[in-house]
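1. Okay, predicted coordinates and the sequence, questions at the end:
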Amino acid sequence: MKKHSGPVVEGISRAPSRALLHACGFTGPQLADQPFIGIANSYSDIVPGHIGMQRLLRSVELGIAAGGGTPMSFGCPAICDGVAMGHKGMFYSLPSRELIADTVESMAHAYGFDGLVLLTNCDKITPGMLMAAGRLDIPAIVLTAGPMLSGRLDGKRLSLVRDTFEAFNKAARGVITEEQLHALEIEACPGAGSCQGLYTANTMACVTEAMGMSLIGCGTALAGSAKKERLAYETGIAACQLVEQDVRARSIMTEAAVRNGIRMDMALGGSTNSCLHIAAIAYEAGLDVDLEEFDKLSRETPQIAHLRPGGEYMMEDFDWAGGISGAMSVLRDMLDDNPTVSGKSVAQIAAEACVNDSDIIRPLDKAYREEGGIAVLRGNLCPDGAVVKQSAVSPGMRQFRGRAICFDSEEQAQEAILADKIADGSWVIIRYEGPCGGPGMREMLNPTATLTGMGKEETVGLLTDGRFSGGTRGPCIGHISPEAAAGGPLALVRDGDEIVVDLDARSLELLVDAAELEQRKSQWQPPQPKINTGWLARYARHVQSAATGAVMQ
């Protein structure tokens, strides 16, 4: 029971350690007789998905105490991508995933935690904590804080991306007034929780439950609900049981669990960021997941839900329809059986679950699409791969041929888009925004939302070695690898070059002959680093390709 914490507090030589912990209010029996359960708490006053965590923390602590453990909470950083979007703050978003994993690892070893509760919710925080769990391989369980309710205005349901990011472009063009825009920004996000659609935060919460690392129902239970508080209490108890039974993270985070997580992502039409995060989680758990695995599973997994941004349903609808366990009941013959932190196997959970609304979670024979939500592309423009959320691309844009308009930063592209300088039939190229070149592989939600808000999602495509928000929709292809800063083909594209994509064939081709590309490459010079100081400079030197999950080596 005190496998890891014993060396921290046992024996006469550890009297100084005990004295310091007594100063924190811990009693003798708590230190001597009970396992230490660390609670990685990413509470923040400035992230909507995390503002309710202190109440959940209390429930977790009560559950740990009831389960016979000693709760010990500590803080972790949390960045809200929506706030960081469109300025230099977004450089830090993806890299913060590594900080979070390192923070949890550091605290777990420093205090000898026997088990962990990972209290998380938003985009990079959840994968960062799962990476730490895989790296540490001690008993661990995840509690995601839950999705936000939809907003309401004039009888219409609202969500962050569609009703703020896409709406501000309508205001700029005079389609709506500034007063109408202000009303939307006040009402779009009514309170605590991760943003309402199947954007990255909720995608990763769903993937976490599908992988078996959170309790049944946790991935979709709404923020602020009594259901979520009960799950918090039960998570605390379960953490103690995992320690008692020595159920370590890697015994849950197996190859089968990773496949289940990917398959669920494909079935729901989740964020392309999952290709980065699941690969990084697998890497830390000692597993090898190739980008092609995402495409393989997508090809054979029908899309059974259609949530925003691609559809009209919200996370609240999905939860009420049966959530992840309901979706598992539909996919049961496709899922690999595997243990979960609930004590039940995947097969048991799928067999016991049901669907309460067969349009929100459809049966396989009435799926929204025959394939899953993400496609992995190959071609001379992306030899190591690129990803697209094909579930959010209209049928008319699945095959598209256009001419390139090249920009070497997000800011340059956004300025041109806002000035209406992008002609129909164009590819907007945004390069030098990859993991190294960014650095930090910024999300391109501002340019993509601007194009959508201008009604160009049927006439203009976007290509980048950066990445996209889960809220992006339209023909937007990201994670182009190798990235431009590493001398990838994207760096060689020139204005006017023709590019053709065929999502059905999974191809992305630059229509320039090989000899011309070789000539261009001989003249290419790597750009000067955008950031030369601070930890992002170190990050840029050690981060790997997006095709590997942008892990650090």
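-> Structure received. Numbering: from 1, shown residues only.
2. my read: Pro363 touches Pro302, true?
-> No - between Pro363 and Pro302 there is no contact under CB atoms under 8 Å: 9.4 Å. Every C-beta, even on glycine, is put in place using the N, C-alpha and C of the backbone.
3. Mean confidence (pLDDT) on the strand or helix carrying Ala133, please.
-> Using DSSP states H and E, Ala133 sits in helix 125-136. Here helix 125-136 scores 98 as its mean pLDDT.
4. Compare Pro363 and Pro302 and say which is more crowded by neighbours.
-> Pro302 (20 against 12; other CB atoms under 10 Å).
5. Does that one touch Arg369 like I think?
-> Yes - between Pro302 and Arg369 there is a contact at 6.5 Å, judged by CB under 8 Å.
6. For the stretch 351-500 of the chain, which segments count as helices?
-> 410-418, 445-453 (DSSP state H, counting those that start in this stretch).
7. Next, the angle from the last one to helix 410-418.
-> By that I understand helix 445-453. 10 degrees (axes from the mean of the first three to the mean of the last three CA atoms, to 10 degrees).
8. which residues are contacting helix 445-453?
-> Helix 445-453 has contacts (CB atoms under 8 Å, 6 or more residues apart in numbering) with 81, 85-86, 161, 165-170, 173, 410, 413-414, 417-418, 422, 428, 430, 457, 460, 462, 468-469, 471-474, 476.
9. Buried residues, that helix. List them.
-> For helix 445-453, burial by neighbour count (16 or more other CB atoms under 10 Å) applies to 445-453.
10. Equivalent analysis for the first one, please.
-> Residues 410, 413-414, 417-418 are the ones in helix 410-418 that count as buried (16+ other CB under 10 Å).
11. Equivalent analysis for stretch 48-67, please.
-> Buried residues in stretch 48-67, defined by neighbour count with 16+ other CB under 10 Å: 48-53, 55-57, 59-65, 67.
12. my read: Met291 touches Leu276, true?
-> No, residue 291 isn't Met; it's Leu. No - contact criterion CB under 8 Å: Leu291 and Leu276 do not qualify, at 10.0 Å.
13. Which one's more surrounded, those two?
-> Leu276 (28 against 23).
14. show me the contacts for the more buried one.
-> For Leu276, the contacting residues are 94, 127, 441, 467, 479, 546, 549-550, by CB under 8 Å, 6+ apart.
15. how far away is it from Arg332?
-> According to CB to CB, to the nearest Å, Leu276 stands 28 Å off from Arg332.
16. re earlier: weakest of the helices of the stretch 351-500 of the chain in terms of mean pLDDT?
-> Across the helices of the stretch 351-500 of the chain, the lowest-scoring stretch is helix 445-453, with a mean of 89.
17. Distance from the chain centre to that helix, please.
-> Here the centre of helix 445-453 is set off from its chain's centre by 20 Å, with CA atoms, centre = their mean, to the nearest Å.
18. likewise stretch 475-488?
-> Distance, centroid of stretch 475-488 to centroid of chain: 19 Å (CA atoms, centre = their mean).
19. cool, and stretch 253-266?
-> Distance, stretch centre to chain centre, for stretch 253-266: 14 Å (CA atoms, centre = their mean).
20. Okay, buried residues for that stretch please.
-> 253-254, 256-266.
21. can you tell me which of these are in helices?
-> 256-266 (DSSP state H).
22. just curious, which of the residues you listed is nearest to Ala23?
-> For these, the residue nearest Ala23 by CB to CB is Ala257; the value is 40.3 Å.
23. So for the closest one, what's the nearest residue that isn't a sequence neighbour?
-> Met211 (4.3 Å; CB to CB, 6 or more residues apart in numbering).
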